[in-house]
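Asks: Please find the sequence and the predicted model below.
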Amino acid sequence: AQSVAQPEDQVNVAEGNPLTVKCTYSVSGNPYLFWYVQYPNRGLQFLLKYITGDNLVKGSYGFEAEFNKSQTSFHLKKPSALVSDSALYFCAVSPRAGSYQLTFGKGTKLSVIP
Amino acid sequence: DAMVIQNPRYQVTQFGKPVTLSCSQTLNHNVMYWYQQKSSQAPKLLFHYYDKDFNNEADTPDNFQSRRPNTSFCFLDIRSPGLGDAAMYLCATSRNLWLRGDSNQPQHFGDGTRLSIL
């Protein structure tokens, strides 16, 4: 069965510093991987995806993620954090077969401190 | 803009009193999903419609039902809400059930309805 782990419940980072939100996955075969962001009382907004190709994926709002097959990781990164990046971040996976069914991690709350 | 719209944004109901949440989409997507999200937790898929075909997740309580009268609308009915059903309910859509390499994103989400039970 597919699964996603986000080992940190919360990440705090100072404004202007680089940020990393961690995600590891477990799936049979090669995965499709996604990051979503959720602001308070809002739905999930898509940030980026990895399907195939370059291991470094660039997405919305200056975010990027690095796919590492050997470590089964897909960490979300941003070179310089903004206060407005403070939100809940979800990593999700679906199997290469391309099933609709996303499995979400439990989420990581990112707080960017001015 | 094409989008997924959920009404109302906040809903209060009484313990045991049936409640209906609504979702509409202008994306003309084939698939519509309902998720339950409790505080600071991952969204949990309840069921989905592919066109008119309804698919229930194995662990979705019988208390939760859904209707999709047409492509654009989908409803979540909670027949007898309990205190444990207080949550954010998210509607999402996707063009198809199966991801394709050129898909921009697998699912588009509405802003949710926060349900409170008195």
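Replies: Structure's in. What do you need?

Asks: what sits opposite the residue most central in space within chain B in the beta ladder?
Replies: In chain B, the C-alpha nearest the mean C-alpha coordinate belongs to B:Trp34, at 2.4 Å (CA atoms, centre = their mean). Per DSSP bridges, the residues bridged to B:Trp34 are B:Phe47, B:Cys91.

Asks: ok, it - contacts?
Replies: B:23, B:45-48, B:64, B:66, B:74, B:76, B:89-91 (CB atoms under 8 Å, 6 or more residues apart in numbering or on different chains). Where C-beta positions appear, they are placed from N, C-alpha and C, glycine not excepted.

Asks: From these, pick the one nearest B:Tyr10.
Replies: Within those, proximity to B:Tyr10 (CB to CB) peaks at B:Tyr89, which comes in at 11.2 Å.

Asks: Give me the secondary structure label for the closest one.
Replies: Under DSSP: H, G, I helix; E, B strand; the rest coil, B:Tyr89 falls in the strand class.

Asks: swap in A:Tyr61?
Replies: Put simply, A:Tyr61 is helix when judged by three-state DSSP.

Asks: wait, doesn't it sit right on A:Asp85?
Replies: Yes: with contact taken as CB atoms under 8 Å, A:Tyr61 and A:Asp85 are classed as touching, separated by 7.4 Å.

Asks: Comparing those two, which shows the higher neighbour count?
Replies: More neighbours surround A:Asp85 than the other of A:Tyr61 and A:Asp85, with 20 against 12 (other CB atoms under 10 Å in any protein chain shown).

Asks: Return the backbone torsion pair for the more buried one.
Replies: With angles defined as degrees, to the nearest 10, A:Asp85 sits at phi -80, psi -10.

Asks: Apart from its neighbours in sequence, what residue is nearest it?
Replies: A:Val112 (5.2 Å; CB to CB, 6 or more residues apart in numbering or on different chains).

Asks: Do a quick rundown of the strands in chain B.
Replies: Ranges of strands in chain B, per DSSP state E, are B:4-7, B:10-13, B:19-25, B:31-37, B:44-50, B:53-56, B:64-67, B:73-78, B:87-94, B:108-109, B:113-117.

Asks: Adding mean pLDDT and distance to A:Leu19 as columns, could you present those strands in JSON lines?
Replies: Formatted as JSON lines, the strands of chain B follow (pLDDT from 0 to 100; distance: least, CB to CB, whole Å):
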{"stretch": "strand B:4-7", "mean pLDDT": "94", "distance to A:Leu19": "28"}
{"stretch": "strand B:10-13", "mean pLDDT": "96", "distance to A:Leu19": "31"}
{"stretch": "strand B:19-25", "mean pLDDT": "97", "distance to A:Leu19": "33"}
{"stretch": "strand B:31-37", "mean pLDDT": "94", "distance to A:Leu19": "23"}
{"stretch": "strand B:44-50", "mean pLDDT": "92", "distance to A:Leu19": "27"}
{"stretch": "strand B:53-56", "mean pLDDT": "92", "distance to A:Leu19": "37"}
{"stretch": "strand B:64-67", "mean pLDDT": "96", "distance to A:Leu19": "37"}
{"stretch": "strand B:73-78", "mean pLDDT": "97", "distance to A:Leu19": "35"}
{"stretch": "strand B:87-94", "mean pLDDT": "94", "distance to A:Leu19": "25"}
{"stretch": "strand B:108-109", "mean pLDDT": "91", "distance to A:Leu19": "23"}
{"stretch": "strand B:113-117", "mean pLDDT": "95", "distance to A:Leu19": "28"}
